[in-house]
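1. I'd like to go over a predicted model; first the sequence, then the structure.
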Amino acid sequence: MVPDKAETGRIPAHVAIIMDGNGRWAKARGLSRSEGHRMGLKATRRAVEFFANRGVRALTLFAFSSENWQRPKAEVEALFDLFVSAIEEELPELREKGIRLRFIGAREEFPEDLQARMAEAEAQTGANDTMTLVVALGYGGRWDILQAALRWVRESGDAVPDPAGFADFLSTAGLPDLDLLIRTGGEQRISNFLLWQAAYAELCFLEALWPDVGDPDLQDALDTYSRRQRRFGGTGEPRDVAHA
């Protein structure tokens with residue numbers, strides 16, 4: 001759905017991040033990839049605090065893609081252990097700060113103990129309203145669109161889908177439209193992340209590897225966003241306020 005231009009501001013309502021570079025960060029220092037992921041978790045904590053403090057309503061993080069299953073088994077299992085410990089360690093602070101935690105992706109493919117912790121964390125933070133922190137695990141944009149289409153067919157019958165109605169069947173239903181998509185690590189692609197949702201998002205690519213990303217990098221991304229004129233297919237003139 002195209003956002004209402006009158007509601008767009010200098011602070012994006014919804015930010016998403018492709019957290020790239022943990023492995024390269026570790027390799028450059030002669031460390032294991034698992035150590036890179038642990039350091040990446042510290043950058044994640046900084047990012048959550050940064051955006052919550054600036055009034056962002058939703059932050060979506062690409063933590064484990066549907067393609068990441070192709071990685072070595074040992075690395076995948078280490079990531080699962082890290083996810084479990086991260087949920088347990090971060091949950092008290094998320095509750096204290098009023099941050100709602102939500103997971104999107106094919107969670108049924110993950111170990112049962114991780115699934116249980118995800119469900120418990122969602123339940124314990126479900127009433128929080130300072131910011132929604134969305135963690136994409138086992139997620140792919142194509143998967144998201146396909147599962148939404150299948151749900152539409154099951155639940156809507158012969159009705160013809162419209163963009164606004166179809167978005168309600170995506171895994172991000174209920175969140176603000178995506179305003180800003182950030183990728184770290186110097187790559188310039190979105191790698192099957194939020195394909196539908198990113199249709200009108202501003203894209204920002206940072207050279208810093210994810211473990212090195214701090215407040216100055218994130219502020220640069222916000223500053224870049226604030227300088228851009230979002231036309232949504234129109235001319236950007238004051239009289240042009242209709243949706244594209």
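-> All right, it came through fine.
2. contacts and neighbour counts: CA atoms only from here.
-> Noted.
3. how near is Gly186 to Met118?
-> Distance, Gly186 to Met118, by C-alpha to C-alpha, to the nearest Å: 31 Å.
4. Looking at the two, which has the bigger crowd around it?
-> Legend: neighbour count by other C-alpha atoms under 10 Å for Gly186 and Met118, higher for Met118 (20 against 14).
5. show me the residues around that one that make contact.
-> The contact partners of Met118, taken as C-alpha atoms under 8 Å, 6 or more residues apart in numbering, are Ile87, Phe103.
6. How far away from the center of its chain is the helix or strand harbouring it?
-> In this structure, Met118 sits in helix 112-125 according to DSSP states H and E. Taking the mean of its C-alpha atoms, helix 112-125 sits 18 Å from the chain's own mean (C-alpha atoms, centre = their mean, to the nearest Å).
7. got the buried residues for that helix?
-> Applying a neighbour-count criterion of 16 or more other C-alpha atoms under 10 Å, one finds Leu114, Gln115, Arg117, Met118, Ala121, Glu122, Thr125 buried in helix 112-125.
8. The second one contacts Ala106, doesn't it?
-> No. With contact taken as C-alpha atoms under 8 Å, Gln115 and Ala106 are classed as non-touching, separated by 10.3 Å.
9. Now for the residue nearest to Pro161 when sequence neighbours are not counted, how many residues are close by?
-> What sits nearest to Pro161 in space, not counting adjacent residues and going by C-alpha to C-alpha, 6 or more residues apart in numbering, is Trp152, at 7.8 Å. Applying other C-alpha under 10 Å, we find 20 residues neighbouring Trp152.
10. likewise Asp179?
-> The burial count for Asp179: 23, using other C-alpha under 10 Å.
11. quick one, phi psi at it?
-> The main-chain torsion angles of Asp179 are listed as degrees, to the nearest 10 and equal phi -100, psi -40.
12. If you count contacts, what does the helix or strand containing Phe80 end up packed against?
-> For Phe80, the enclosing helix or strand under DSSP H and E is helix 73-97. Helices and strands in packing contact with helix 73-97 are listed as helix 33-53, helix 112-125; criterion 3 or more C-alpha pairs under 8 Å, 6 or more residues apart in numbering; DSSP states H and E.
13. what are the pairing partners of the next helix or strand after it, and which direction each?
-> Using DSSP H and E, the helix or strand that follows helix 73-97 in sequence is strand 99-104. Strand 99-104 has its sheet partners listed here by DSSP bridges as strand 131-139 (parallel).
14. Could you export the strand it pairs with as CSV, keeping only the C-alpha atoms?
-> Only the C-alpha atoms of strand 131-139 are listed here, as CSV (Å, rounded to 0.1, in the frame of the first residue of the first chain):
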residue,chain,number,x,y,z
MET,A,131,8.0,0.1,19.5
THR,A,132,7.5,-3.2,17.8
LEU,A,133,10.7,-5.2,17.2
VAL,A,134,10.2,-7.7,14.4
VAL,A,135,12.8,-10.5,14.0
ALA,A,136,12.7,-12.3,10.7
LEU,A,137,13.8,-15.9,11.2
GLY,A,138,13.5,-18.4,8.4
TYR,A,139,12.1,-15.6,6.3
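15. Just want the most central residue of the protein.
-> Nearest to the centroid of the C-alpha atoms of the chain, with distances taken as C-alpha atoms, centre = their mean, sits Thr60, at 2.1 Å.
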